[in-house]
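Undergrad: Here is the input, now give the coordinates:
(one chain, ligands or ions: 2)
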Amino acid sequence: MTMRRLLIFGPPGSGKGTQAALLAERRRLAHISTGDMLRAAMAAGSELGHQVRALVEAGDLVSDELMLALVERRLEEDDTREGFLLDGFPRTVKQAEGLLETLGADRAPDGVLLLSVPDEELVRRALARGRADDNESTIRHRLGVYRRQTAPVLGFLKGRLPILEIEGVGTLEEITERIERELDAADS
Ligand code: AP5
Ligand code: MG
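TA: Ligands and ions are numbered 1, 2, ... in the order given. You can find the predicted model right below:
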């Protein structure tokens with residue numbers, strides 16, 4: 001089986017976006033980053049952008065209803081038919097339940113790539129980047145939100161989907177290599 005419907009999972013700053021972009025390009029998957037979608041809406045000054053700005057800047061989660069609607073619409077687009085890589089979604093158990101229900105048995109995800117990186121490295125990376133939500137207190141807040149609201153998603157998905165655990169510390173190339181190795185092993 002070739003894995004073409006994937007979730008990439010991990011704490012803020014673990015390299016989801018970086019690795020997802022590379023992987024999507026190589027495997028021709030639609031890269032769906034909910035964080036990028038929200039930031040694009042904010043930059044465009046759309047209604048959605050106004051609705052979410054305060055939450056995103058504080059590092060709090062946008063409502064499950066809004067996020068599910070956004071992702072469901074995105075998954076109806078043609079470029080997702082041949083495969084997709086969801087980055088930053090699902091982030092709550094409710095989102096995970098909604099996603100699996102929306103996809104149904106026909107389009108069920110093939111697996112989850114889980115990036116593990118220690119907290120201090122996450123803080124270091126985010127401070128080096130300096131996005132609007134990358135100051136020290138907001139990063140620590142996002143880590144807390146991850147632990148409380150997002151980490152439980154993993155427990156929900158275990159037993160439902162294969163989880164491929166990847167050590168997320170090292171050079172970009174080393175991590176890409178580890179992801180490819182895990183996927184190849186799961187593919188064969
Ligand atoms: P989102 O955009 O998803 O942010 P995040 O999960 O906090 O994660 P980041 O994007 O900061 O990190 P990443 O894991 O993608 O790592 P990256 O590759 O960038 O969400 C932002 C906000 O939107 C949320 O707080 C919430 O408000 C809202 N939101 C989004 N989705 C939502 C949802 N489903 N429900 C509700 N709300 C939602 O790498 C990080 C940095 O490290 C980069 O500078 C990168 O260059 C560097 N780096 C990457 N790899 C390495 C490496 N191997 N070594 C050294 N540096 C590295
Ligand atoms: Mg990201």
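
Undergrad: Helix or strand: which one has whichever residue of the chain sits closest to ligand 1?
TA: Closest contact between the chain and ligand 1, by C-beta to the nearest ligand atom, is at Gly35 (1.7 Å). C-beta: built from backbone N, CA, C; applies to glycine. Assigned by DSSP states H and E, Gly35 belongs to helix 34-44.

Undergrad: Need the residues that contact that helix.
TA: 17, 48-49, 52-53, 56, 62, 67, 70-71, 74, 86-89, 91 (C-beta atoms under 8 Å, 6 or more residues apart in numbering).

Undergrad: Can the next helix or strand after it be said to contact ligand 1?
TA: Note on helix 34-44: by DSSP H and E, the next helix or strand toward the C-terminus is helix 47-58. Yes. Using C-beta under 6 Å from any ligand atom, we find that helix 47-58 touches ligand 1 at 55-56.

Undergrad: quick one: buried residues of helix 47-58?
TA: 48-49, 52-53, 56 (16 or more other C-beta atoms under 10 Å).

Undergrad: Please write out the alpha-carbon positions of the helix or strand hosting Leu22 in PDB.
TA: Secondary-structure assignment from DSSP H and E places Leu22 in helix 16-27. Extracted C-alpha coordinates of helix 16-27, given in PDB (Å, rounded to 0.1, in the frame of the first residue of the first chain):
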ATOM      1  CA  LYS A  16       5.600  19.900  10.500                       C
ATOM      2  CA  GLY A  17       5.400  22.700   8.000                       C
ATOM      3  CA  THR A  18       9.000  22.400   6.800                       C
ATOM      4  CA  GLN A  19       8.900  18.600   6.300                       C
ATOM      5  CA  ALA A  20       5.300  18.700   5.000                       C
ATOM      6  CA  ALA A  21       6.300  21.100   2.200                       C
ATOM      7  CA  LEU A  22       9.200  18.800   1.100                       C
ATOM      8  CA  LEU A  23       7.200  15.600   1.300                       C
ATOM      9  CA  ALA A  24       4.200  17.000  -0.500                       C
ATOM     10  CA  GLU A  25       6.400  18.200  -3.300                       C
ATOM     11  CA  ARG A  26       8.200  14.800  -3.600                       C
ATOM     12  CA  ARG A  27       5.100  12.600  -3.400                       C
END
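
Undergrad: Remind me what it packs against, helices and strands.
TA: On a contact count with 3 or more C-beta pairs under 8 Å, 6 or more residues apart in numbering; DSSP states H and E, helix 16-27 meets strand 5-9, strand 30-33, strand 84-87, strand 111-116, helix 172-187.
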